[in-house]
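**Q** This is the structure alone, sequence omitted:
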């Protein structure tokens, strides 16, 4: 038996080459889910995860699958033997991965599996040296995806037939962790028209997860621009109260403007500048328009209010059609530096841009609250 070691990285392989015979005349991977092809949801989840690369194995209707994934930063692997069964796609995907990389196989007919589930598997593999892999499970039952340590690649490259990697799962059952998740979706694949209708027409409840259609009703625009506008207006209101408090108490405004929450943190002026930078920067990158540059020369409350007003006007000028549909675009931060990071549009907003923005808005609020300005939760949240 091979001995597992720490992987050099994790590659996501989306298996999208199958004939989908049981779905009838339709290629199930192209069926609509919340306005997008099913396979696109799966690939977007993989791209939003911490996997370093996403490969898509294609075969049946390869051109149509490529088209459904247009604009997404993925590499395609053509499986000419796709008629053999899923094993040939596992083989093709494993053969496209370098020898020291772990590989997670995502089924293209499981659109409810999220980036969070994939990241749980990655964390489990890194946190359990010596295991051969990690398999998502729900209520004690094993499902998909499955993440394999790099030592399994030689055997994965020998897979064939309709069983895929199941013989390997049986062989290494004790060495493949069953990772319990809270997602029923790791058990739900869509093979037949009945499956598709049952899943997307079923009612939701507290005891059952919502459908992908329900999860995806919020647009990228709705999750970004209105949020920035609400919180920037709220921040402006907090600064107005701080200036009034300084005047009423005969306090030099610089006491507040240069106050820090902790000695190693930026003062209020810089916190506001950075919050504003993230609001305009995230919005511009998602809209793929030129990023406005300001000189960060603010020293007074009036200067900060003018800065917020400029950014509010800029953000307000961005229309939904400039952002919606940009979930899969590639966004690179700190390009060419050791801290370079690559995101999809959705991951950039949800896992980087918004958390950074809220951190600095919250810190600005906390500085003033700590220094006696009479503000509360309603001031922090603003009008909604």
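**A** All right, it came through fine. A quick note: this is a predicted structure, and the numbers were derived from the prediction, not measured.
**Q** and the closest residue to residue 176 other than its chain neighbours, how many neighbours?
**A** Among residues not flanking residue 176 along the chain, residue 133 sits closest, at 4.3 Å (CB to CB, 6 or more residues apart in numbering). For the C-beta atoms, the positions are set from N, CA and C on the backbone; glycine is no exception. Other residues within reach of residue 133, judged by other CB atoms under 10 Å, total 26.
**Q** What residues does residue 325 make contact with?
**A** Each residue near residue 325 by CB atoms under 8 Å, 6 or more residues apart in numbering is listed here: residue 220.
**Q** most distant residue from the middle of this protein?
**A** Most distant residue from the mean C-alpha position of the chain: residue 250, 47.8 Å away (CA atoms, centre = their mean).
**Q** That one: what secondary structure?
**A** Following DSSP: H, G, I helix; E, B strand; the rest coil, residue 250 is assigned to coil.
**Q** still on that earlier bit, I'd say the residue nearest to residue 176 and residue 175 touch.
**A** Yes: judged on CB atoms under 8 Å, residue 133 makes contact with residue 175 at a distance of 7.4 Å.
**Q** need the helices for the stretch 251-384 of the chain, in chain order.
**A** Using DSSP state H, counting those that start in this stretch, the helices of the stretch 251-384 of the chain run over 253-257, 268-287, 301-316, 320-323, 345-347, 354-370, 377-381.
**Q** Residue 36: which of these is closest?
**A** Checking those against residue 36 by CB to CB gives helix 345-347 as the closest, at 12.1 Å.
**Q** Determine how far the closest one lies from the middle of the whole chain.
**A** 5 Å (CA atoms, centre = their mean, to the nearest Å).
**Q** again with stretch 31-45
**A** Its chain's C-alpha centre and that of stretch 31-45 lie 14 Å apart, by CA atoms, centre = their mean.
**Q** Please, where are all the helices along the stretch 51-200 of the chain?
**A** So, for the stretch 51-200 of the chain - with DSSP H, counting those that start in this stretch - the helices run 62-68, 86-95, 115-127, 153-156, 166-171, 193-201.
**Q** same for the third one, what does it pack against?
**A** The elements that helix 115-127 packs onto, with contact taken as 3 or more CB pairs under 8 Å, 6 or more residues apart in numbering; DSSP states H and E, are strand 10-16, helix 38-48, strand 102-107, strand 133-138, strand 141-148, strand 176-180.
**Q** what lines up beside the shortest one in the sheet?
**A** It refers to strand 176-180. Paired with strand 176-180 in the same sheet, following DSSP bridges, are strand 133-138 (parallel).
**Q** quick one, which of the helices and strands packed on helix 115-127 is nearest to residue 160?
**A** Evaluated over these, closeness to residue 160 peaks at strand 10-16, with 13.9 Å, by CB to CB.
**Q** Show me what the helix or strand following the closest one pairs with in its sheet, parallel or antiparallel.
**A** Remark: after strand 10-16, the chain's next helix or strand is strand 32-33, criterion DSSP states H and E. For strand 32-33, the paired strands and their directions (DSSP bridges) are strand 36-37 (antiparallel).
**Q** comparing the helices of the stretch 51-200 of the chain, which gets the lowest mean pLDDT score?
**A** Ranked by mean pLDDT, the helices of the stretch 51-200 of the chain bottom out at helix 193-201, with a mean of 71.
**Q** coming back round to it: quick check: the gap between the residue nearest to residue 176 and residue 277.
**A** Distance, residue 133 to residue 277, using CB to CB, to the nearest Å: 42 Å.
**Q** still on that earlier bit, could the helices of the stretch 251-384 of the chain go into a markdown table alongside distance to residue 179?
**A** Putting the helices of the stretch 251-384 of the chain into a markdown table (distance: least, CB to CB, whole Å) gives the following:
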| stretch | distance to residue 179 |
| --- | --- |
| helix 253-257 | 49 |
| helix 268-287 | 32 |
| helix 301-316 | 40 |
| helix 320-323 | 34 |
| helix 345-347 | 21 |
| helix 354-370 | 25 |
| helix 377-381 | 37 |
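**Q** Among these, which comes closest to residue 84?
**A** Going by CB to CB, the one of the helices of the stretch 251-384 of the chain nearest residue 84 is helix 345-347, 34.4 Å.
**Q** just flag whichever of the helices of the stretch 251-384 of the chain has the lowest average confidence.
**A** When I compare these, helix 345-347 is least confident, with a mean of 87.
**Q** domains of this protein?
**A** Per the record, the chain has its domains at 10-215, 225-381, by automatic domain parsing.
**Q** Out of those, which one sits most buried?
**A** Sort the domains of the chain by mean neighbour count, taking mean count of other CB atoms under 10 Å, and domain 10-215 sits at the top with a mean of 19.
**Q** bridging residues for residue 107?
**A** Beta-bridge pairing for residue 107 (DSSP bridges): residue 15.
**Q** From residue 375, how far out is it?
**A** In terms of CB to CB, residue 107 sits 50 Å off from residue 375.
**Q** again, but for residue 277
**A** Applying CB to CB, the value for residue 277 to residue 375 is 23 Å.
**Q** just residue 67 next, same as before
**A** Using CB to CB, residue 67 is found at 52 Å from residue 375.
**Q** My guess is residue 69 contacts residue 54. True?
**A** No: using CB under 8 Å, residue 69 is not in contact with residue 54; the gap is 9.8 Å.
**Q** show me what contacts the nearest residue to residue 287 once chain neighbours are set aside?
**A** Once flanking residues are discounted, residue 287 sits nearest to residue 322: 4.1 Å by CB to CB, 6+ apart. Applying CB under 8 Å, 6+ apart to residue 322 gives the contacts 221, 286, 287, 288, 289.
**Q** try 10 Å this time
**A** 221, 225, 283, 284, 286, 287, 288, 289 (CB atoms under 10 Å, 6 or more residues apart in numbering).
**Q** picking that back up, for residue 86, find the nearest of the helices of the stretch 251-384 of the chain.
**A** Using CB to CB, the helices of the stretch 251-384 of the chain put helix 345-347 closest to residue 86, at 28.0 Å.
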